[in-house]
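In: Predicted model and sequence below, questions to follow.
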Amino acid sequence: MIGFWEPATWPGFELSWHLAHRNWGRGFATEAATTALGLAFKVWRRNKVLSLIDPANLPSIRVAERIGERLDASINHYGRETSVYGLDRETYPRTIAPAVLSAQRAG
């Protein structure tokens, strides 16, 4: 599952990913999250996308960083320490979009 949600009690418009363990390390989360960011910024014109990640979840942190998100804050979210990674629409073209276009041209 890779997609967005924004419950009323959430700190913002969240992009999250959850994959079966057998699919970890195969690039699926990065590829789908990259596509989702394009939808959020280009079609829906969202100003900011964030991902809430357990600080111990290093694979998810690597996905967030690969798609251009950067650590914005650490918060207590429903009683758990949570890292907030984010990317805004202004920064998006300078971070992820050129890398995606380059990969598409190479492939």
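Out: That came through, no problem. Source: prediction; values computed, not measured.

In: distance of R94 from R62?
Out: 20 Å (Cβ to Cβ, to the nearest Å). For glycine as for every other residue, the C-beta is placed from the backbone atoms N, C-alpha and C.

In: More neighbours: which of the two?
Out: Looking at R94 and R62 with other Cβ atoms under 10 Å, you find the greater number of neighbours at R62, namely 12 against 9.

In: Just the pLDDT for the more buried one.
Out: For R62, the pLDDT comes out at 93.

In: any idea which helix or strand comes after whichever strand or helix holds it?
Out: According to DSSP states H and E, R62 maps onto helix 58-66. The first helix or strand that comes after helix 58-66 along the chain, using DSSP H and E, is strand 70-77.

In: Please enumerate the helices of this structure.
Out: Applying DSSP state H to the chain gives helices spanning 28-38, 58-66, 92-106.

In: Of those helices, which shows the lowest average pLDDT?
Out: Confidence, taken as mean pLDDT, is least for helix 92-106 of the helices of the chain (a mean of 62).

In: Ignoring the adjacent residues along the chain, who's closest to I75?
Out: Leaving aside its chain neighbours, I75 sits nearest to T82 (5.4 Å; criterion: Cβ to Cβ, 6 or more residues apart in numbering).

In: ok, the one you found to L71 distance?
Out: Counting by Cβ to Cβ - T82 and L71 are separated by 11 Å.

In: Cool, thanks, talk later.
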